[in-house]
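Undergrad: just the structure for this:
(chains A, B, C, D, E and F)
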Protein chains: 4
Amino acid sequence: MKKEQILKTSIEILAERGYANTTTRMISEKAGIAVGSIYTHFKSKEAILDEIFLSEYEKRATYLKSLKKIQGRQIDKFDRFLDFHFMELDINRDLMMVLARESGNPELQDLDGVQKFVHQLPDFFKTILDEAIEIGEIRPLNTTLTGKIIFSTIRGTVFDSVIRTKDLDLDDIKKELQAFIKNAIQI
Amino acid sequence: MKKEQILKTSIEILAERGYANTTTRMISEKAGIAVGSIYTHFKSKEAILDEIFLSEYEKRATYLKSLKKIQGRQIDKFDRFLDFHFMELDINRDLMMVLARESGNPELQDLDGVQKFVHQLPDFFKTILDEAIEIGEIRPLNTTLTGKIIFSTIRGTVFDSVIRTKDLDLDDIKKELQAFIKNAIQI
Amino acid sequence: MKKEQILKTSIEILAERGYANTTTRMISEKAGIAVGSIYTHFKSKEAILDEIFLSEYEKRATYLKSLKKIQGRQIDKFDRFLDFHFMELDINRDLMMVLARESGNPELQDLDGVQKFVHQLPDFFKTILDEAIEIGEIRPLNTTLTGKIIFSTIRGTVFDSVIRTKDLDLDDIKKELQAFIKNAIQI
Amino acid sequence: MKKEQILKTSIEILAERGYANTTTRMISEKAGIAVGSIYTHFKSKEAILDEIFLSEYEKRATYLKSLKKIQGRQIDKFDRFLDFHFMELDINRDLMMVLARESGNPELQDLDGVQKFVHQLPDFFKTILDEAIEIGEIRPLNTTLTGKIIFSTIRGTVFDSVIRTKDLDLDDIKKELQAFIKNAIQI
DNA sequence: CATGAATGAGTTTTCATTCAT
DNA sequence: CATGAATGAAAACTCATTCAT
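TA: I've put the predicted structure just below:
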């Protein structure tokens, strides 16, 4: 309950000011609680970010696992993942901002949640690519590296777009990304 | 002279510790000068980063301008740019680390040098893409967005690789990136 | 019942970490109760220490009172007290640690129990010395001051020994102290 | 210069309030400097205490070394040391308070200066005792333990006296202690 | 009588920047 | 131009204690 309130408030402030410029005092004041209460629910300021990334990672991991069982072309699964990812982003723009900005924040690379978000998702992509190669859907390529490249492509693009304009057309970006990736790997 | 020394030392420490964990005192001590002397040559701590990014941006901008005059397929120019970029990185691994890490640091997005590095380079890519479309070398696409996508792809991939392993094979990554981008855009 | 459990647990933790580094939370967790429950039984964190010192003071005061009625040389009563004191220490090393450390803790000098432990015991010694002088067993001396000196000698020696080695030979120390004190005062 | 000012001010406040109740802010305000300036001269709040103890230890160590070369009875050297020690205390009552209180503060036992003060001085006493035994000036005894006992006796007595009364007669205490110790060890 | 989430004043420490020498 | 002591705002985090359930 109150934990949710802290997370929600944190995302709002983090989206506006960035991690380094967000203080625990700001969060507590905006959430209408005492500073100490943050520490009742989170081990540290970093742990808030950790939780955000972990939860968002899990959403995506669950979705990617569900994709595995689904019939159809492997290559289309990237389209589907992007549909899912951008839909989530559209629902909560602040959250999108935080994920895009802080997943690249050198300060936070050690957090479990960030690590998973940044390293496990590319691994899922690799798995899809491996299967796609087996059935000859895509050109021969280093699936590990390409998994990472695809992840970087998506993340970097969202990051760039999001920090420049408030009202960007997510749909345009999504379609351009989908085409870019599909072309990049297909035969 | 002394300014160069400060820059060189800063890059070494920044590569090892990251911007937030690098203090002006560390730089002055390692450079063998007084803290105050840093401020004779730089307006602020941020200004050091600004200068680093500006100078690296200019190297790449100059190279891209020189590419323009060169004959040959537009599409190959991305290969050439990546050859140049990775060569530079190979010469100075510390610098590569700094560019990869801090170009995505939310704290530093307002710096002139970072802005140019992060926003102008994609614009150069856009120009190349525009010409490539005109002569029918590549498929129809939103060149502005795709310019950004290509930049994000390169930067993100280097960043990911560089913070994970010390002795990564830059050549493998370069070749995979070149193939990825070429396939992504060509007809 | 539960109060005893809190005391027992507190002594264990206090012996290991010292007063300033022991939190009420630690005590409650190790004792398997809620933090709030500590405050059902004790007015404050300090009150736990107060109780410990008071109870240990009373043990010694009772023993010293019983010594009064006993026949024999006054001067031997210090031997007996030390026998009693060291026996108690040997039974509960953690308790010994707490008494030795915290009786000298400036933070805790105002506690009733500590005051009694630290100021009343020397008074008992004074009484013994007064009688010993009267019957000419010991040399003439300021009994108030010497009572304090004897107490300080005992406490300080135990404190020094106990914080240095875990497995010290209490018996050696006791005998050395007994000889030291007896010689110091006798005619 | 300013370092001396910080030390002087710290001793005044520490004497009045004790280590745990002395804040860095109090010191800086009373010394008329900025909080940060404390950290220009001292690594931490603890380091101030460390310096105080180290310097006082060295005074005494130097004196004890000079005593070694002096002719005369070993046993009288304790008298001389106490003369010196009490003279120093008389000059600076605040300092005496700090040494007496905090040398027994469990929190500070790890500091180099405190360690030296509390463990090296007894070692010097041991050396004196060793020689005294050799020439038959004192009764046979465990010199290591007795060195510690003498130290504890002195420290504890000063501590006890000093925290009770502001205007105690140091001279009485000194004489009583001298007699106590001399009797305790002599043949 | 037990619980444990909530409190918030208070603490030490850091560090970019300045400026008198 | 160089120096480095001095600055002081600001930050994360702690923890004894309370009180509604």
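Undergrad: domains for chain A, by residue range?
TA: Domains of chain A are assigned by automatic domain parsing as A:1-42, A:46-185.
Undergrad: skip the chain neighbours and tell me the closest residue to the residue lying farthest from the centre of chain A.
TA: Within chain A, the residue lying farthest from the chain centre (Cα atoms, centre = their mean) is A:Ala34, at 30.0 Å. By the measure of Cβ to Cβ, 6 or more residues apart in numbering or on different chains, the closest residue to A:Ala34 outside its immediate chain neighbours is A:Ser28, 6.0 Å from it. In this view, the C-beta of every residue, glycine as well, is placed from N, C-alpha and C.
Undergrad: which residue is nearest the centroid of chain A?
TA: Nearest to the mean C-alpha position of chain A, counting by Cα atoms, centre = their mean, stands A:Leu99 at 5.3 Å.
Undergrad: that one is in contact with A:Leu54, isn't it?
TA: No. Assessed by Cβ atoms under 8 Å, A:Leu99 is found out of contact with A:Leu54, at 11.7 Å.
Undergrad: need the residues touching each of those two.
TA: By Cβ atoms under 8 Å, 6 or more residues apart in numbering or on different chains, A:Leu99 and A:Leu54 have these common neighbours: A:Phe117.
Undergrad: quick one, helices of chain A?
TA: Secondary structure of chain A (DSSP state H): helices at A:2-17, A:24-31, A:35-41, A:45-69, A:76-91, A:93-102, A:112-115, A:121-134, A:143-164, A:170-185.
Undergrad: closest one to C:Ser10 among these?
TA: Closest to C:Ser10 of these is helix A:35-41 (Cβ to Cβ; 23.6 Å).
Undergrad: and that closest one, average pLDDT?
TA: The average pLDDT within helix A:35-41 is 96.
Undergrad: near DNA strand E, anything from it?
TA: Yes. Counting by Cβ under 7 Å from any atom of the strand, DNA strand E has neighbours in helix A:35-41: A:Val35, A:Gly36, A:Ser37, A:Tyr39, A:Thr40, A:His41.
Undergrad: quick one: buried ones out of those?
TA: Buried subset of the residues of helix A:35-41 next to DNA strand E (neighbour count, 16 or more other Cβ atoms under 10 Å in any protein chain shown): A:Ser37, A:His41.
Undergrad: do you know how far the residue in chain A positioned nearest to DNA strand E is from DNA strand F?
TA: As assessed by Cβ to the nearest atom of the strand, DNA strand E sits closest to A:Gly36 within chain A, at 1.6 Å. Note on A:Gly36: its distance to DNA strand F, by Cβ to the nearest atom of the strand, to the nearest Å, is 3 Å.
Undergrad: one more: A:Leu14?
TA: Taking Cβ to the nearest atom of the strand, one finds A:Leu14 at 11 Å from DNA strand F.
Undergrad: what do you get for A:Leu111?
TA: Here A:Leu111 is placed at a distance of 12 Å from DNA strand F (Cβ to the nearest atom of the strand).
Undergrad: go on, A:Glu58?
TA: Distance, A:Glu58 to DNA strand F, by Cβ to the nearest atom of the strand: 23 Å.
Undergrad: chain center to stretch A:90-100: distance?
TA: Its chain's C-alpha centre and that of stretch A:90-100 lie 9 Å apart, by Cα atoms, centre = their mean, to the nearest Å.
Undergrad: buried sites along it?
TA: Quick answer for stretch A:90-100 (16+ other Cβ under 10 Å): A:Leu95, A:Met96, A:Met97, A:Val98, A:Leu99, A:Ala100.
Undergrad: before we move on, what about stretch A:102-113?
TA: Buried residues in stretch A:102-113 (16+ other Cβ under 10 Å): A:Glu102, A:Ser103, A:Gly104, A:Asn105, A:Pro106, A:Glu107, A:Leu108, A:Gln109, A:Leu111, A:Gly113.
Undergrad: quick one: distance of it to the chain centre.
TA: Distance, centroid of stretch A:102-113 to centroid of chain: 12 Å (Cα atoms, centre = their mean).
Undergrad: with stretch A:112-128 instead?
TA: Relative to the centre of its chain, stretch A:112-128 is centred 10 Å away, using Cα atoms, centre = their mean.
Undergrad: do stretch A:126-144 as well
TA: With Cα atoms, centre = their mean as the basis, stretch A:126-144 stands 23 Å off its chain's centre.
Undergrad: what residues sit buried inside it?
TA: By 16+ other Cβ under 10 Å, the buried positions in stretch A:126-144 come out as A:Lys126, A:Thr127, A:Ile128, A:Leu129, A:Ala132, A:Ile133, A:Glu137, A:Ile138, A:Leu141, A:Asn142, A:Thr143.
Undergrad: contact partners for the closest residue to the fourth one other than its chain neighbours?
TA: Put plainly, it is A:Leu129. Nearest non-adjacent residue to A:Leu129, counting by Cβ to Cβ, 6+ apart: A:Thr143, 4.1 Å away. Counting by Cβ under 8 Å, 6+ apart, A:Thr143 makes contact with A:Lys126, A:Leu129, A:Asp130, A:Ile133.
Undergrad: what of A:Ile128?
TA: A:Ile128 sits next to A:Leu67, A:Gln74, A:Lys77, A:Phe78 when contact means Cβ under 8 Å, 6+ apart.
Undergrad: show me which of those neighbour chain C.
TA: Contacts with chain C are made by none of the contacts of A:Ile128, judged by Cβ under 8 Å from any Cβ of the partner chain.
Undergrad: closest to C:Glu176 among those residues?
TA: Relative to C:Glu176, the closest of the contacts of A:Ile128 is A:Leu67; by Cβ to Cβ it sits at 78.8 Å.
Undergrad: now the closest one: how far from chain C?
TA: 44 Å (Cβ to the nearest Cβ, to the nearest Å).
Undergrad: which residue, other than its chain neighbours, is closest to that residue?
TA: Nearest non-adjacent residue to A:Leu67, counting by Cβ to Cβ, 6+ apart: A:Lys77, 5.1 Å away.
Undergrad: show me the contacts for that neighbour.
TA: Applying Cβ under 8 Å, 6+ apart, the residues near A:Lys77 are A:Leu67, A:Ile70, A:Ile128.
Undergrad: same question, A:Glu51
TA: If you count contacts by Cβ under 8 Å, 6+ apart, A:Glu51 has them with A:Leu7, A:Phe42, A:Gly113.
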